[in-house]
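Engineer: just the structure for this:
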Amino acid sequence: MQSHITTIGVTGTPGCGKTTLCSNLPFQTITIEDLAKKYDCIGPTELDGAASVDTEKLSKLWQKPTELTIVDGHLSHFLPVDALIILRCHTDILRQRLGDRGYTEEKIQENVEYELMGGVWSDLLDDTRPKIEGDSKILDWISSGCPHITSPFDAIDWISEI
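Structural biologist: Presented below is the predicted three-dimensional model:
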């Protein structure tokens, strides 16, 4: 692996499988929530059950580890991680998962629409960090030094399936 890759963010719409993927990777993992708490960058819990994270402040305060660490969270692409794994989820599955978690119908619809529109890719159009979309061949990608694999133009297009 290239020596400059020490942090990899796992990002995607809530409910797409980030934490499940991270729990199956053989690397140290930390969540955005834990980092935000550690650096006092987490706000109060909102009415929808989510707590805001000051990613700008967190990016400035975070001391990046020297050994490979996975950062789990749908905001991880806002941190100065070295590479990104972008997870996507078919909207029917996403709707079911978020419903099972007790999300309100409004919050479910908001997240489903976000996923339909490309999810985090809209935040990454000019991003130059290495990226891979999906959850297969992740270990091969990491061991190869996280080469550039996916761009927004290669991303899954759920709208074309409608």
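
Engineer: show me what the longest helix along the chain is packed against.
Structural biologist: Longest helix of the chain, by residue count under DSSP state H: helix 105-116. Judged by 3 or more CB pairs under 8 Å, 6 or more residues apart in numbering; DSSP states H and E, helix 105-116 is in contact with helix 91-100. In this view, the C-beta of every residue, glycine as well, is placed from N, C-alpha and C.

Engineer: elements contacting the helix it packs on?
Structural biologist: In this structure, helix 91-100 packs against helix 105-116, with contacts taken as 3+ CB pairs under 8 Å, 6+ apart.

Engineer: what comes up buried for the helix it packs on?
Structural biologist: 107, 108, 110, 111, 112, 114, 115, 116 (16 or more other CB atoms under 10 Å).

Engineer: tell me the confidence at the first one?
Structural biologist: This points to residue 107. Looking at residue 107, its pLDDT is 91.

Engineer: same deal with the last one?
Structural biologist: What the model reports as pLDDT for residue 116 is 91.

Engineer: name the residues that touch the helix or strand of the chain with the lowest mean pLDDT?
Structural biologist: Lowest by mean pLDDT, DSSP states H and E among the helices and strands of the chain is strand 42-45, with a mean of 82. For strand 42-45, contacts defined as CB atoms under 8 Å, 6 or more residues apart in numbering pick out 33, 36, 51, 52, 53, 54.

Engineer: could you check how far the closest residue to the fifth one other than its chain neighbours is from residue 44?
Structural biologist: The shortest distance from residue 53 to any residue that is not its chain neighbour, by CB to CB, 6 or more residues apart in numbering, is 4.5 Å, and that residue is residue 36. Shown here: residue 36 relative to residue 44, a distance of 12 Å by CB to CB, to the nearest Å.

Engineer: give me the three-state assignment for the residue nearest the centre of the chain.
Structural biologist: Centroid-nearest residue in the chain: residue 11, 0.8 Å away (criterion: CA atoms, centre = their mean). Put simply, residue 11 is strand when judged by DSSP: H, G, I helix; E, B strand; the rest coil.
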